[in-house]
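> What would the 3D arrangement of this be:
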Amino acid sequence: MVGVMGLIYHSNNHGFSYDSIPSGTTETLNAVRFKNIARGHIVGNNGTILMSSDGGYTWVQQHCPTTENLRGIGMFDPFHGFICGEKGVILNDTERRILG
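The predicted structure is shown next:
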């Protein structure tokens with residue numbers, strides 16, 4: 001789960017309990033998507049994109065070419081996908097430049 005002020009909650013027992021995980025940002029986070037058990041992405045306000053390669057225990061900020069609020073993320077595979085945001089923003093990453 002993600003939320004305001006960079007909030008990330010992580011569960012390793014299918015939602016029975018949650019732990020707070022540092023995100024490294026104070027931006028509101030809007031969506032999280034994992035394509036496999038290890039690799040996931042979070043998008044948020046002001047062009048925030050975070051990536052995890054260890055199942056969501058740690059997160060690293062990724063470069064984003066916009067400062068618009070990002071609302072959703074879809075993944076084709078663990079490395080390629082798209083991000084949608086406010087004001088018609090659609091980021092398509094087929095060359096691993098945004099989503100790592």
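> name the helices or strands packed onto the worst-scoring helix or strand of the chain on mean pLDDT?
The helix or strand of the chain with the poorest confidence is strand 90-93; it has a mean of 86 (mean pLDDT, DSSP states H and E). Helices and strands touching strand 90-93, by 3 or more C-beta pairs under 8 Å, 6 or more residues apart in numbering; DSSP states H and E, are strand 80-85. C-betas here are computed from N, CA, C, even on glycine.
> Counting by contacts, list what the strand it packs on packs against.
strand 40-44, strand 70-77, strand 90-93.
> Nearest to residue 63 among these would be which one?
strand 90-93 (10.8 Å; C-beta to C-beta).
> mind checking how far that closest one is from the chain centre?
Distance, stretch centre to chain centre, for strand 90-93: 14 Å (C-alpha atoms, centre = their mean, to the nearest Å).
> How about residues contacting it?
For strand 90-93, contacts defined as C-beta atoms under 8 Å, 6 or more residues apart in numbering pick out 64-66, 70, 80-85, 98-99.
> If you drop the residues flanking it in sequence, what lies closest to the residue most central in space within the chain?
What sits nearest the mean C-alpha location of the chain, by C-alpha atoms, centre = their mean, is residue 42, with 0.9 Å. In this structure, residue 42 finds its nearest non-sequential neighbour in residue 50, 4.3 Å apart by C-beta to C-beta, 6 or more residues apart in numbering.
> so the residue lying farthest from the centre of the chain, which of the three states?
Relative to the centre of the chain, and counting by C-alpha atoms, centre = their mean, the farthest-placed residue is residue 16 at 22.1 Å. Assigned with DSSP: H, G, I helix; E, B strand; the rest coil, residue 16 falls in the coil class.
> same deal with residue 33?
strand.
> list the contacts for the spatially closest residue to it that is not a sequence neighbour?
Leaving aside its sequence neighbours, residue 33 sits nearest to residue 73 (C-beta to C-beta, 6+ apart; 4.5 Å). Counting by C-beta under 8 Å, 6+ apart, residue 73 touches 31-33, 41-43, 81-84.
> at 10 Å instead, please
Taking C-beta atoms under 10 Å, 6 or more residues apart in numbering as the criterion, residue 73 is in contact with 30-33, 35, 40-43, 49, 81-85, 91, 93, 99.
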